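**Student:** Based on what follows, work out the 3D shape:
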Amino acid sequence: NDIAAYSARESEGKAVPGMSLHPLDPKVNDEYDRCVGQLKCRMIKLGPNYQDFDPTGDAAFRLFARLEHDKIPIVFHCGTSPMWDAPLTYSHPLTYDKVAMAFPKLKMVLAHLGHPWQTDCLAVVRKHKNVYADVSAQFYRPYSFWQGMRLFHEWGVTQKILFASDWPVTLPQDNIDHLRGLNKFAKDHRLPDIPDEEIEGIIDRDAIDLLGLD
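**Tutor:** Reported below is the predicted structural model:
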């Protein structure tokens, strides 16, 4: 958390400081107060499957209640994992339907389009006003990427997809290039395309404004 806050300060306004907490940490409220008050963190990233906590459990809900009250958005790791001891139910998109129902004003981003459960991800995003998805880490599997994007297009939900890069694993420009290359992939494989304006909309979308971080 200290490193994230320092990096944001050194970015000269180009980065928003974020934090990560563990709902089962006995000192979670103290660290929350320090991050929000002293470090000026304005968003949070959680990976319940990697952190091994139930995002629908009481401890998580107590944290989410504070985040909703303070208008701090959450980015959740969402989707599969190669780690044998990371529970998939904790990162399945449908799990966050229950969270969104309990906290309708809490802004949430389901990372990675919830791959490979993009259909379930779009259902949750479409249902809840304050739930979004992002495209990070998609281009490694081009058919899955195309399929997810095509599903979001057919259901009219691409306007709720935010750009993300999964940095430092990949670079932002790599993700932009592969987004713009989706229709070449579709053409090469005789698949339906995704409208260029929807792809550009993802790249240009003002996530800062949508998440209330302006």
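
**Student:** Show me the helices in this protein, by range?
**Tutor:** Along the chain, the segments classed as helices by DSSP state H run 2-10, 28-33, 48-51, 58-70, 95-102, 118-127, 142-154, 172-180, 182-188, 196-204, 207-210.

**Student:** Other residues contacting the first one?
**Tutor:** With contact meaning C-beta atoms under 8 Å, 6 or more residues apart in numbering, helix 2-10 is reached by 15-19, 35, 39-41. The C-beta positions use only the backbone N, C-alpha and C, and glycine is treated the same way.

**Student:** so where's this structure shaky on pLDDT?
**Tutor:** Within the chain, not a single segment meets pLDDT under 70.

**Student:** can you list the helices of the chain in JSON lines and add mean neighbour count?
**Tutor:** As requested, the helices of the chain are exported to JSON lines (neighbours: other C-beta atoms under 10 Å):
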{"stretch": "helix 2-10", "mean neighbour count": "13"}
{"stretch": "helix 28-33", "mean neighbour count": "14"}
{"stretch": "helix 48-51", "mean neighbour count": "20"}
{"stretch": "helix 58-70", "mean neighbour count": "16"}
{"stretch": "helix 95-102", "mean neighbour count": "18"}
{"stretch": "helix 118-127", "mean neighbour count": "21"}
{"stretch": "helix 142-154", "mean neighbour count": "19"}
{"stretch": "helix 172-180", "mean neighbour count": "15"}
{"stretch": "helix 182-188", "mean neighbour count": "15"}
{"stretch": "helix 196-204", "mean neighbour count": "14"}
{"stretch": "helix 207-210", "mean neighbour count": "13"}
